[in-house]
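no FASTA, just this:
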């Protein structure tokens, strides 16, 4: 029997217990042994809960039970979660988590401890919720040099942008609706400012390069500046707007990582990723493009991913099932200013002539709006674009990169 | 050092050698040891080929070399490939293959031998070419009960249908173009009649049920009857036409598997899978919908998938890395006649009144064609549809199921 402990009995934690219990036949068959949730650690009690007898408040019970071999850390945060995870791995117990903040911050260190102790630290659920992303990248695309990852990693912002596109509504109004429906938090900052996507792309970038990519150094822009007018122009150009998290291997082993809204052509598979869905588009040097698509969040999808990690650990008791390379050495990050792109610019109608002068060869998009004008620039570096923009004075209302 | 042999130096075989040599640093790092192609078995010689010194003609050299632990069978066919694979597995050597015909026909038996001999039989490349499909289903979605798979599994037919949709061209003309471009074989039967997709969905169905699904018993229809007129109606209804391979768990542990063209709503992610790309849409009971998308064929993508299997085997020398369940016991197949669907019907213009009578409540689609009419039926069983169709006499020109 595989004895599992769950740290944190919140949304994901209760989902983990539900998946292990509801799909017990499948889960146990795949694990090769019967799987059983022995402990649920939480500060609260849960009178009346079907698993209330397994709820405990003392972490040491789990740490000191030699029969517990796999632990799910679904508490979140980088305080107690970090301390507990470290102690468990040091004790040779495998840990599976959905805690992207902790993985982004201490992944390299925790993987190293796990390897040294012949156990595993696994985090499929930390990126893309229920979509298999980490495992395909680390265990399936193993014959590949991954050249670029382009991804929609945040369901809240994708829901807001999808609704704005379909309904022509404004950002604030759509955010409010998303909050009412439970798709956005009351304090939506981590999502709408791009921080959540940033942590996830830091994890993917670390796996892509094999070195540690610091989330805090990744250039990040949110979606709060996107307006219905931008969608009018996007539509007229056969495009839509998505919050893209990108990571690209550039020269000298460096990586160019970024989170920012981008115009995506309607023919691109990522344009069809709508509502709360996520999509991860990967370009390998041999296989070309692949995409993974599905629910990027939610209790049961996320729990399902955590349990798939538990099964993997259960099949590798006494040895590490880690195959990814993620060293503590810092990866070199390319300077965003040097990256080259085309830009969409929405400018005051009165600035049209000036724009033609400053951005020679730009292509204007006509969508029937008199109050402003919109155009696509030629490809240029971010630095060059900034210089040209400041030459435009206060004429520019919004600029969005082209994917 | 991991010594690898390659059986068959055709398109995929030469791709396998290229991937192992070009990405040797990545491949060896992931395998945990340096990987080296020791033998290439082929009946032909390859004078001037960079690897001509490794080409041999005697299979027994590979079988009897104790240092060869992993073999790639990329010969195709179910004759020699079957005999060789069996002998290799019996000798405890792992075999990785792209040979969907052999996997569909003898997968259960070969997996059983591999398990008994503590080696592996792996076939990621047999479905979806370079897209990780088999591994996500068997190793990532392990916490799931998979309820339904809906997939575009054949690049040739998807290319033809995509072109017909975009260019309004006829089937024969588009097939010819596909042949000129090398996207269709000179004898295109296996692709256009759906047999290739059928073998692939048989493999997926076996993995979904854990029992053996016989490809020859799966109801299969090709795309040769699809005309530009059908696309006119599809477009007017906000849909497109795809050759879908589906497999669904129904009551009593039986499975309903089918390959047939279907009308897919433009909002569905599979509608965005165009040209030679494949897409595999999986519905799990916990995680909902996920989709895997990418190049379903081609030398390097397919080879990349074979090599990912080789790496997996290399990490499990002396033990089986197989986690999937695929017993020799036959799975119960549901009778297609009993399955319920809506149908699109294109009928003679003169049959419109009769159609309204025989299919009460059907919705006509107007696309400006005078020579015929098109309508969607209410949901009904295949059997009921057949009866109603024959009551229409020769009035029906074409019928396509709705996805």
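That came through, no problem. Here the structure is a predicted model, which means the values were calculated and not measured.

can you map out the strands along the stretch 301-403 of chain A?
Secondary structure of the stretch 301-403 of chain A (DSSP state E, counting those that start in this stretch): strands at A:340-341, A:343-348, A:363-365, A:372-376, A:380-381, A:396-402.

of all the ones you listed, which lies closest to residue A:300?
Minimum separation from residue A:300 across the strands of the stretch 301-403 of chain A (C-beta to C-beta) falls at strand A:396-402, 34.4 Å. Where you see a C-beta, it was placed from the backbone N, CA and C, and this is true even at glycine.

and the closest one, what does it pack against?
Here strand A:396-402 touches helix A:228-236, strand A:255-265, strand A:343-348, helix A:382-391, going by 3 or more C-beta pairs under 8 Å, 6 or more residues apart in numbering or on different chains; DSSP states H and E.

change it to 7 Å
Other elements packing on strand A:396-402 under the criterion 3 or more C-beta pairs under 7 Å, 6 or more residues apart in numbering or on different chains; DSSP states H and E are strand A:255-265, strand A:343-348.

distance between that strand and the chain's centre?
24 Å (C-alpha atoms, centre = their mean, to the nearest Å).

wait, does stretch A:199-216 make contact with chain B?
No. For stretch A:199-216, no contact with chain B is found by C-beta under 7 Å from any C-beta of the partner chain; the gap never falls below 8.1 Å.

hmm, who's touching that stretch?
Residues external to stretch A:199-216 that are found in contact with it (C-beta atoms under 7 Å, 6 or more residues apart in numbering or on different chains): A:100-101, A:103-104, A:107-108, A:126-127, A:137-138, A:146, A:149, A:151, A:153, A:198, A:218, A:245, A:247, A:249, A:255, A:257, A:259, A:324-331.

how far away is the spatially most distant residue from the centre of chain A from residue A:44?
The C-alpha centroid of chain A is most remote from residue A:353, which lies 40.7 Å away (C-alpha atoms, centre = their mean). From residue A:353 over to residue A:44 the distance is 65 Å, taken as C-beta to C-beta, to the nearest Å.

one step back: export the helices and strands packed on strand A:396-402 as JSON lines, with columns for mean neighbour count, mean pLDDT and distance to chain B.
Compiled in JSON lines, these are given as follows (neighbours: other C-beta atoms under 10 Å in any protein chain shown; pLDDT from 0 to 100; distance: least, C-beta to the nearest C-beta, whole Å):
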{"stretch": "strand A:255-265", "mean neighbour count": "23", "mean pLDDT": "97", "distance to chain B": "12"}
{"stretch": "strand A:343-348", "mean neighbour count": "22", "mean pLDDT": "97", "distance to chain B": "22"}
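
for the residue in the stretch 301-403 of chain A positioned nearest to chain B, which non-adjacent residue is spatially closest?
Residue nearest to chain B within the stretch 301-403 of chain A: residue A:307 (3.6 Å; C-beta to the nearest C-beta). Distances taken as C-beta to C-beta, 6 or more residues apart in numbering or on different chains put residue B:143 closest to residue A:307, at 3.6 Å, once the chain neighbours are dropped.

hang on, that neighbour packs against residue A:309?
No. Residue B:143 is beyond contact range of residue A:309, at 8.9 Å (criterion: C-beta atoms under 7 Å).

reformat the helices and strands packed on strand A:396-402 as TSV; add distance to residue A:314.
Shown next, in TSV, are the helices and strands packed on strand A:396-402 (distance: least, C-beta to C-beta, whole Å):
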stretch	distance to residue A:314
strand A:255-265	34
strand A:343-348	49
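
other residues contacting stretch A:226-233?
Defining contact as C-beta under 7 Å, 6+ apart, one finds that stretch A:226-233 is touched by A:161, A:164-165, A:168-171, A:241, A:261, A:344, A:346, A:365, A:367, A:369, A:372, A:374, A:398, A:400.

which among those residues count as buried?
Neighbour counting by 16 or more other C-beta atoms under 10 Å in any protein chain shown classes A:161, A:164-165, A:169, A:171, A:241, A:261, A:344, A:346, A:365, A:372, A:374, A:398, A:400 among these as buried.

please list the residues of the stretch 201-350 of chain A that sit near chain B.
Residues of the stretch 201-350 of chain A lying near chain B (C-beta under 7 Å from any C-beta): A:269, A:272, A:284, A:286-295, A:300-301, A:303-304, A:307-308, A:311, A:315, A:323, A:325.

ok, now the stretch 1-150 of chain A?
Residues of the stretch 1-150 of chain A lying close to chain B (C-beta under 7 Å from any C-beta) are A:19, A:23, A:26-27, A:29-30, A:130-132, A:135-136, A:139-145.

which of those residues count as buried?
By neighbour count, with 16+ other C-beta under 10 Å, the residues of the stretch 1-150 of chain A next to chain B hold A:19, A:23, A:26-27, A:29-30, A:130-132, A:135-136, A:139-145 as buried.

and the strands of the stretch 301-403 of chain A as CSV, adding distance to residue B:48?
As requested, the strands of the stretch 301-403 of chain A are exported to CSV (distance: least, C-beta to C-beta, whole Å):
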stretch, distance to residue B:48
strand A:340-341, 41
strand A:343-348, 49
strand A:363-365, 49
strand A:372-376, 49
strand A:380-381, 45
strand A:396-402, 45
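
quick one, which of those gets closest to residue A:64.
Of all the strands of the stretch 301-403 of chain A, strand A:396-402 sits nearest to residue A:64, with 52.5 Å by C-beta to C-beta.

and the angle from the closest one to strand A:255-265?
Relative orientation of strand A:396-402 versus strand A:255-265 (axes from the mean of the first three to the mean of the last three C-alpha atoms, to 10 degrees): 110 degrees.

strands paired with strand A:396-402, and their directions?
Applying DSSP bridges, strand A:396-402 is found paired with strand A:255-265 (parallel), strand A:343-348 (antiparallel).

what comes up buried for whichever helix or strand comes after the longest one?
Think strand A:255-265. Remark: after strand A:255-265, the chain's next helix or strand is strand A:277-284, criterion DSSP states H and E. If you call a residue buried by 16+ other C-beta under 10 Å, then strand A:277-284 has these buried ones: A:277-284.

and strand A:277-284, average pLDDT?
Computed over strand A:277-284, the mean pLDDT rounds to 96.

where exactly do the helices run in chain A?
A:11-22, A:24-31, A:59-63, A:80-90, A:100-116, A:134-135, A:155-167, A:171-180, A:189-192, A:195-209, A:228-236, A:299-314, A:352-358, A:382-391 (DSSP state H).

can I get those in CSV with distance to residue A:39?
Below are the helices of chain A laid out as CSV (distance: least, C-beta to C-beta, whole Å):
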stretch, distance to residue A:39
helix A:11-22, 11
helix A:24-31, 17
helix A:59-63, 5
helix A:80-90, 12
helix A:100-116, 20
helix A:134-135, 25
helix A:155-167, 30
helix A:171-180, 35
helix A:189-192, 30
helix A:195-209, 27
helix A:228-236, 49
helix A:299-314, 14
helix A:352-358, 63
helix A:382-391, 51
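
wait, which of those is closest to residue B:237?
Residue B:237 lies closest to helix A:155-167 among the helices of chain A, at 19.2 Å (C-beta to C-beta).

is chain B contacted by that closest one?
No. Using C-beta under 7 Å from any C-beta, we find that helix A:155-167 stays clear of chain B, coming within 10.5 Å at best.

buried residues in that helix?
For helix A:155-167, burial by neighbour count (16+ other C-beta under 10 Å) applies to A:155-165.
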